[in-house]
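K.L.:
Whatever this is, show me its structure:
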Amino acid sequence: MIFSISLKHPLCADECEDAQLNNNDYKICVNEAIYELDFCLKTCPPEIGCQNSCYENYTQMLFLCPCIEQESDVFILVIPVYVEKSYLQSGDGSSQISATMNAPRNDYADYAAYALVNGKLHIFGGWSDRTKIARLDDCTLNELTSRLNEERVFGHAALSIENGKKAMICFGDSDDIRKTCEIFDGSTTVSTFAADSTHSYGGLGLYKNQPATVGCNFEQHQKAETLSATGWTALPDHPKRISLHSLVALENQSMLLIGGYYYNGGVSQSGIWQLKDENWNEIGELLQADYHGSAIYIGRSVYYFGYSSKAIERLDFNEETEDLQNIEEIGNQPGSFYYPVLFQTVPNYCV
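P.N.:
Predicted coordinates for the structure are as follows:
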């Protein structure tokens, strides 16, 4: 289903009526887009790829013009390994527009984990600074004075907990850090229970409203665990020795495991697995197998941003029981971006 929203304030509606005749800002914007399209087409070599890119750029420019209605009601800010490559993706695939973001360095989000705390996007650790905590304010990633207790370079994960008031950050790439966890409340970090098994690249998700994790890249096991008020306890093992997947909680208390890497066969996975009522079941498959991806649940759809295939896929679930209904490829990432940071936002955010 395609939704339509109006971006115009009621008092400004008249400005968009017959905008092609009466709205100077609209006419200037469209004329600039047409000029750029014409110049691009005329300077293209005889290659269809160049011609197509001209029209794609033209479409992106039109989306920035006043009075152009956006078809989608979902917009996702994507911050990949290189901040300068950030973009805004529409949920229906109709637009993908470059976003202008600011950060202390271009690789600031490289291998960083992310979660919302009090409605604000935060990123944790990563290649550029293994103990950093940064917050997205408007279009800028601002580094906080608070630091992680453990060095978490890659293989770690973050999860919003306690109704979004805090974030839990767990695991990492070396030694006992592969088991450890800490909690950030917006200003300070405190250590909490360590998992019984290592879960580097095992991810974090919610199962029955409790943090959960599955698998491990280094030890290549299939163990799953969940955290309660007294510590971690075992969940049913996943049927495969898997990691590098994405974990997503549904409102029906179940948890999805999407994609990943299977060590028995040494191949990326297309499986969409669901842990529900203490049982794992494969409920569908991605259109393209992938791993190292990121996923976000908005409304009744999961948006999965793949790394190896670059595919952006939307998994649609029905309203009542959250059963998987449809899978659609809505676009491609503009590069092979692993673990991009995802943030639901509004049209034209930072563009």
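
K.L.:
can you give me the strands for the stretch 251-351 of the chain?
P.N.:
Assigned by DSSP state E, counting those that start in this stretch, the strands in the stretch 251-351 of the chain fall at 255-258, 261-262, 267-276, 279-290, 294-298, 301-305, 311-317, 324-332, 341-345.

K.L.:
low-scoring stretches of this structure, by residue?
P.N.:
Along the chain, the parts satisfying pLDDT under 70 run over 1-13, 60, 69-71.

K.L.:
Outline the domain layout of it.
P.N.:
For the chain, automatic domain parsing gives the domain ranges 10-63, 75-345.

K.L.:
Out of those, which is closest to residue 351?
P.N.:
Among the domains of the chain, the nearest to residue 351 by C-beta to C-beta is domain 75-345 (5.0 Å). Just so you know, the C-beta spots here come from the backbone N, C-alpha and C atoms, and that holds for glycine as well.

K.L.:
First-to-last residue distance for the closest one?
P.N.:
6 Å (C-alpha to C-alpha, to the nearest Å).

K.L.:
same deal with stretch 331-339?
P.N.:
End-to-end distance for stretch 331-339, by C-alpha to C-alpha: 17 Å.

K.L.:
now it, how far from the centre of its chain.
P.N.:
In terms of C-alpha atoms, centre = their mean, to the nearest Å, the centre of stretch 331-339 is found 11 Å from the chain centre.

K.L.:
cool, stretch 105-117 as well?
P.N.:
The gap between where stretch 105-117 is centred and where its chain is centred comes out at 11 Å by C-alpha atoms, centre = their mean.

K.L.:
which residue ranges form the strands in the stretch 101-250 of the chain?
P.N.:
Using DSSP E, counting those that start in this stretch, strands in the stretch 101-250 of the chain cover 113-117, 120-124, 133-137, 140-143, 157-161, 166-170, 181-184, 189-192, 205-207, 210-214, 224-228, 231-235, 242-243, 246-249.

K.L.:
List the contacts of residue 106.
P.N.:
82-84 (C-beta atoms under 8 Å, 6 or more residues apart in numbering).

K.L.:
Can you mark which positions in stretch 209-219 are buried?
P.N.:
Of the residues in stretch 209-219, 210-217, 219 count as buried by neighbour count, 16 or more other C-beta atoms under 10 Å.

K.L.:
Just give me the closest of the residues you listed to residue 346.
P.N.:
Nearest to residue 346 out of the buried residues of stretch 209-219 is residue 211 (C-beta to C-beta; 28.9 Å).

K.L.:
Does the closest one touch residue 169 like I think?
P.N.:
No: using C-beta atoms under 8 Å, residue 211 makes no contact with residue 169, being 10.8 Å away.

K.L.:
Quickly compare the domains of the chain and say which is most buried.
P.N.:
Of all the domains of the chain, domain 75-345 has the most neighbours on average by mean count of other C-beta atoms under 10 Å, namely a mean of 19.

K.L.:
so what's residue 76 up against?
P.N.:
88-91, 296, 298, 303, 342-345.

K.L.:
residues contacting the closest residue to it other than its chain neighbours?
P.N.:
Distances taken as C-beta to C-beta, 6 or more residues apart in numbering place residue 89 nearest to residue 76, at 4.8 Å, with adjacent residues excluded. Counting by C-beta under 8 Å, 6+ apart, residue 89 makes contact with 75-76, 78, 95-96, 303, 312, 330-331.

K.L.:
Taking those together, which two end up most distant?
P.N.:
Using C-beta to C-beta, these span at most 14.1 Å, a distance reached by 95 and 303.

K.L.:
show me what contacts the closest residue to residue 83 other than its chain neighbours?
P.N.:
Using C-beta to C-beta, 6+ apart and skipping the chain neighbours, the partner closest in space to residue 83 is residue 103 (4.5 Å). Going by C-beta under 8 Å, 6+ apart, residue 103 touches 83, 109, 134, 140-141.

K.L.:
Which of the residues you listed sits closest to residue 115?
P.N.:
Nearest to residue 115 among those, with distances taken as C-beta to C-beta, is residue 134, at 12.0 Å.
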